[in-house]
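[1] sharing a model that was predicted from the sequence below.
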Amino acid sequence: MHPFTYIRVSDTREALNAGRRGGRYIAGGTTLVDLMRETVERPEALVDISGLPLDEVTVTERGGLRIGALVTMSEAAAHRKVRTLFPVISEALELSASAQLRNMATIGGNIMQRTRCTYFRDVTADCNRREPGSGCAALEGVNRTHAILGTSDACVATHPSDVAVAFAALEAQVRLLGPDGERQVPFADFLLRPGSTPNREQALRKGELITAVEIPALPRPLKSGYLKVRDRQSYEFALTSAAVALHVRGGLIREARVAAGGVGTVPWKLPAVERHLVGERPSDSLWTAAAAKAAEGARPLQHNRFKVELLQRTVERQLRIVGGTK
Amino acid sequence: MSTELPESAVPPTTDAGESSSAPTRRTFIATSTAVGGAVVAGGVIGGSFLAAPEEVAAAEAPPSSRVSLTVNGTRRTVTVDNRTSLLDLLREHLGLVGSKKGCNAGACGACTVLVDGRRVNSCLTLAVRLEGAEVTTIEGLADGDRLHPLQQAFIDEDAFQCGYCTPGQIVSGVGCIQEGHTGSPEEIREWMSGNICRCGCYVKIVRAVEQTAARK
Amino acid sequence: MSPQPQAAVGAPLSRVDGRLKVTGKAQYAAEFDVDGAVHAVIVDASIGRGRITGIDTGAAEAQPGVLRVIHHGNAPKLPYRDNAGSNNPPGRRQRVFQDDRVLFHGQPVAVVVATTLEAAQHGASLVKVEYDAERPSTDLHDAERDKPTNYARGDAEAGLRDAPVRLDLTYQLARNHHNPMEPHATIARWDGDKLTVWDKTQWVMGTHDELAAVFGLPAESVRVINPFVGGGFGSGLRCWPHSVVAALAARETKRPVKLVLSRKQMYFGTGFRPSYEYRLRLGSDGRGRLTAAIHDIDAETSSYETFTESVMGAGQMLYSMPNVSQAYRTVPLDVNTPIWMRGPGFASASFVIESAMDELAHKLGVDPIELRRRNEPNEDESSNLPFSTRRLRECYTVGAREFGWQRRSARPRSRREGDWLIGLGMAAGVYDPGRYPAQARARLDADGTAVVEAATSDMGPGTYTSQTQVAADALGLTMRTVTFRLGDSLYPRTSPHGGSATMASVGTAVHDACNQVRQQAIELAVEDRESPLYGVKADDVVVRGGRLHVQANPARGETYRTLLARNDRTHLEAGGSYTGPPSPERHSYHAYNATFAEVAVDATLGLVRVRRMLGVYDAGRIISPKLADSQAIGGIVGGIGTALLEHTATDHRDGRIVNANLADYLVPVNADVPEVRAIYLDGEDNDGNALGVKGLGEVVQVGVAAAIGNAVFNATGRRVRELPITAEALL
């Protein structure tokens, strides 16, 4: 680990001040400390923001949710409002990592997680995300766990978060605070696809701080849930996953929110699946037909071809779990 | 060193049990390397912390900070290299080797300790961030010679073999019980999955946690 | 000698070191507080093969706290004497920092020594190494094979040709890493030319001998200490290069040095269970009686050492058949050298043989247990020796009854619960337990307590406890009054703590030493006019709870304390030994099991989840039932890993292991292991060891993967001949 200076800030003004000068924010630290130890991350200064008052979960005026950036994963998962309004968020969180890590990691940090791509994490390997222009060792390497969607010739790494898949599905907004004030970025625009600049991962400006993730209200009743598919029963990143939220009224699906994880370079929203569902009557055949669209545009690699089929089946399964069967 | 004070029962007063005046040899090694170095006090915003990074490189010692934390009921004030994890602070500087390093990456749970009552991976916790924190390790669970019920249950159920993951399992189990995730064996299995046991003692670990939770 | 009453042996006791382990006070190798110790971190080669052309240590050395960077350019030449009797395989062992060659990705190329761990780690990341890299050869399927080791009886080609039923199956077995929870670690300290190391090892004498050989030291100049081993499963069976690095660094810096491998370094700094390609051709008659088997076995080894293991044994003797031929070829690759891993050889071969038996049973419409019964041999057909004990039939019977085997449908894919397909499978297991020479020393003190010592280890099975049980009964003492010590090369020499040999070998030596001490006491008493036992025949005296008495008249006797005090004896002492199995061998001595699995396979997602497992063991006498139960359950859990999760993945372009960590190399977690049960058949095996044991640590993992694979077939109708069995094979 490279040496760094450390400061603790107690209000957002101090934080922004430090962030503006290039300090690296640290909250739960579960990703950052790990990657610093691998020397993938080499911040010169850590700005400890854990003392900032960004640790509340609140219901917004219209019935949405605002989850403070510093709410831990375990707090968010256990929060009564999260559990009742958006079970998909609780489920995604509780299927992530381990109880210990969820006690440390925060919501803001979770969506800032960096990829688990083995070549990214190994500083002796070629990786455009870590070292632009060095190449992508995963393209022709061992790539069973890599992405099939949103990839580019520069990078095929997945985004590892589970809850970010739920946020993507629910069309969350990321609230940011920077030197120029507050702004809000749609989740879909916050995490960037690699394109030719995989080193740019988030739509963050220098020194900007995530203050909250906001989930917009959805019509009720709303059923939602998260399915995670992985080799091991627990404590593993997803091979595939699906976050689904459905609003069914009068026997018809009026609103559908669907996204997939483990398959995209970013949490992968599935608008084609959603469009196929809206206005239809829930049925097994509908789930199958809608899920068939989940892998549209997939570009599998040598070892992850199975993810195309697995993704469709994962989405189909989760549509059935949330939407029920006849 | 006192390990008899259960951290929740007797809140340590500021200086009671202060141990920095009598550092262990390991602590001494750590502090002596900081002499002459740029010691950045935690909580104080260094006006020039990034102004001249080359100064850091040229310094005689890496950036360090002074931290006061409570470990198993004993207040400790130590000067740590900013890079030092809580796990390394415990093992290399405070002589508390009960918390284990299995992966040093948050992937095995052997390093599990309680920080302010919550189970965390001490390998991913920078010690410098623990100003004012209360840390409980495996060494702090027993009440004198009387084992914590979960420790006794581990012995009774033979819930370990090599013993290396055991401190982390037990501390994690204490956390699991406190959190109330012991409603069924299945729930315990899931909520104890952050602690790998390569000897494969899981079924007995679940039994030990289940019995201890039921006794509460 | 009168048979001693058995109080401790066979009793379900808790671990004697349990309290130390649950309080965090058990000290593992890296946890000794050695005065003035500094830290060392190894720099690993980042190419898979080639030469080092330059090393720039300037940035590292400029770091505060960094004391020295040692590499091939500045390291002293080390004697590296031959070390006969070691576990070093044939070949030329890796010699640390002795030349510019890189033999595999991750090989140590330098070591940074610093006053703090942080400085050493940072320093290691700053060492710049330049290479002349070549493309390594790391693919088992794409490399030259060595000449085979062969076995043959009968005419297997003809037997197969004439067989009415034939199978031709090829299996791929992934490389597995032991991944004990405790990383390998060494603390080395020189006092003049005497070297003391605290080293994680399953064999303190092995590390002792190797360090003496490498540094050219007389045996008495090296001491190795390791009272607690945080798991091994075989990874500690030889002295690895990092232990040499630590000792070298300590000598060069004149400071005690602590070196702990990172989890990543465990993947190339210690050995592994080699990957295999295993083709099995099997012939049988119409009723399933085997007529011929041809085994073509390819296994990886390193370019510099030829590692082999007992992968041929099971194919020669598990089932009766007239014609067998085997060709076992090692394939030298640019990788580090493998080492035995739990159930070595047998676990790998059993996946193949027991999966094939299941295929044969299905093909013939015969119940898999019945098929195995039809092929039960009357003697060991590889040696023509009678079995000492072989109670495999009983394992099947008990297992079938306890597991509810009759509920299994012979037709695959016939049981479904929601999205899950449910299947049952079983497999037989066999292991050839080791019996190696061992010595022990017992001392009975005047206060009536005893200390027993042997240079063995306890990597988790409970050596401390079970040897105390043996010693307590032989001495006629309570468990509390006996202390068993291990893990120090100053203690009497033993062979490696592995191969299921410890109880048969060390236990017998302990038993012998303690018997001698007891006998000394008895003789002292019966010849002592002042003893109530004076004049009694020594053979009629037993000792119980520290008190000697006439067997038929418990009132007549006295305690050890009284006896020793009256005779002014501070202690009685004796050395015991075990010389190994009878030679020539009179019996075929093996441990057996029948393992049963019930799995659920998600019909559409392809996920396999174990629901319950049972192992039934014929392992001879069980000294410590509570601990043996844990060991068996642990072996099954290890087998679940091999079956469904574990796979060391290598990028063949540069030989890099891409999942060298515990997040990507998957081992079972708690949620993967619902219900596991172990049953040991009562009984003993008296072939050549006084305790009647057969050893159980290895056999418990043999057959597990096959039982799971067979259950997957029963659930799905899909036969997966590649380990691990993952979702993509079942979609």
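    The structure has been received and is ready for your questions. Being a predicted model, the structure only gives us computed values, none of them experimental.

[2] CA atoms for contacts and neighbours, from now on please.
    Noted.

[3] walk me through the domains of chain B.
    The record, using automatic domain parsing to delimit domains, assigns chain B the ranges B:25-109+B:119-137, B:149-215.

[4] ok, which of these comes nearest C:Gln27?
    Minimum separation from C:Gln27 across the domains of chain B (C-alpha to C-alpha) falls at domain B:25-109+B:119-137, 7.9 Å.

[5] returning to what we had before: adding mean pLDDT, mean neighbour count and distance to chain A, write the domains of chain B out as JSON lines.
    As requested, the domains of chain B are exported to JSON lines (pLDDT from 0 to 100; neighbours: other C-alpha atoms under 10 Å in any protein chain shown; distance: least, C-alpha to the nearest C-alpha, whole Å):
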{"stretch": "domain B:25-109+B:119-137", "mean pLDDT": "76", "mean neighbour count": "22", "distance to chain A": "4"}
{"stretch": "domain B:149-215", "mean pLDDT": "98", "mean neighbour count": "24", "distance to chain A": "5"}
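
[6] list the contacts for the residue lying closest to A:Ala292 once chain neighbours are set aside?
    Leaving aside its sequence neighbours, A:Ala292 sits nearest to A:Gln312 (C-alpha to C-alpha, 6 or more residues apart in numbering or on different chains; 5.8 Å). Contacts for A:Gln312 (C-alpha atoms under 8 Å, 6 or more residues apart in numbering or on different chains) come out as A:Ala291, A:Ala292, A:Lys293, A:Ala294, A:Ala295.

[7] and which of the residues you listed is nearest to C:Pro164?
    Nearest member of the contacts of A:Gln312 to C:Pro164, counting by C-alpha to C-alpha, is A:Ala292, at 46.6 Å.

[8] okay, now that closest one: neighbour count?
    By the criterion of other C-alpha atoms under 10 Å in any protein chain shown, A:Ala292 has 19 neighbours.

[9] mind checking how far it is from A:Leu277?
    Going from A:Ala292 to A:Leu277 by C-alpha to C-alpha, to the nearest Å gives 12 Å.

[10] check A:Val33 too.
    From A:Val33 across to A:Leu277, the span is 42 Å (C-alpha to C-alpha).

[11] okay, now stretch C:215-235: how far is its last residue from its first?
    Chord length of stretch C:215-235, first to last residue, is 23 Å (C-alpha to C-alpha).

[12] off-centre distance for that stretch?
    Here stretch C:215-235 is found 16 Å from its chain centre; the criterion is C-alpha atoms, centre = their mean, to the nearest Å.

[13] which positions within that stretch qualify as buried?
    By 16 or more other C-alpha atoms under 10 Å in any protein chain shown, the buried positions in stretch C:215-235 come out as C:215, C:217, C:221-235.

[14] is C:Val129 in a helix, a strand, or coil?
    At C:Val129 the chain is in strand, as set by DSSP: H, G, I helix; E, B strand; the rest coil.

[15] and the closest residue to it other than its chain neighbours, how far from C:Val197?
    Nearest-residue entry for C:Val129: C:Ile55, 4.5 Å, with adjacent residues in sequence omitted and distances by C-alpha to C-alpha, 6+ apart. Using C-alpha to C-alpha, C:Ile55 is found at 29 Å from C:Val197.

[16] quick one, which of these two is more surrounded?
    Neighbours per residue (other C-alpha under 10 Å) separate C:Ile55 from C:Val197, with C:Val197 holding more: 26 against 16.

[17] residues touching that one, list them.
    For C:Val197, the contact set (C-alpha under 8 Å, 6+ apart) comprises C:Thr186, C:Ile187, C:Ala188, C:Arg189, C:Val222, C:Arg223, C:Val224, C:Ile225, C:Ala247.

[18] can you list those residues in JSON lines and add secondary structure?
    Below are those laid out as JSON lines (three-state DSSP):
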{"residue": "C:Thr186", "secondary structure": "strand"}
{"residue": "C:Ile187", "secondary structure": "strand"}
{"residue": "C:Ala188", "secondary structure": "strand"}
{"residue": "C:Arg189", "secondary structure": "strand"}
{"residue": "C:Val222", "secondary structure": "strand"}
{"residue": "C:Arg223", "secondary structure": "strand"}
{"residue": "C:Val224", "secondary structure": "strand"}
{"residue": "C:Ile225", "secondary structure": "strand"}
{"residue": "C:Ala247", "secondary structure": "helix"}
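
[19] can those residues go into TSV with extra columns for distance to chain B?
    TSV is the format used below for the contacts of C:Val197 (distance: C-alpha to the nearest C-alpha, whole Å):
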residue	distance to chain B
C:Thr186	14
C:Ile187	13
C:Ala188	16
C:Arg189	17
C:Val222	26
C:Arg223	23
C:Val224	19
C:Ile225	17
C:Ala247	20
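
[20] now do the helices in chain B.
    B:25-34, B:53-58, B:86-88, B:149-157, B:166-179, B:185-191, B:202-215 (DSSP state H).

[21] same list, the domains of chain B, but as CSV with distance to C:Gly425 please.
    Shown next, in CSV, are the domains of chain B (distance: least, C-alpha to C-alpha, whole Å):
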stretch, distance to C:Gly425
domain B:25-109+B:119-137, 31
domain B:149-215, 21
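
[22] and of these, who's closest to A:Leu270?
    Checked against C-alpha to C-alpha, the stretch from these lying closest is domain B:149-215, at 29.6 Å.

[23] nearest spatial neighbour of the residue nearest the centre of chain B, skipping sequence neighbours?
    The centroid of chain B falls nearest to B:Val113 when counting by C-alpha atoms, centre = their mean (4.1 Å). Closest residue in space to B:Val113, ignoring its immediate chain neighbours: B:Thr137 at 5.1 Å, by C-alpha to C-alpha, 6+ apart.
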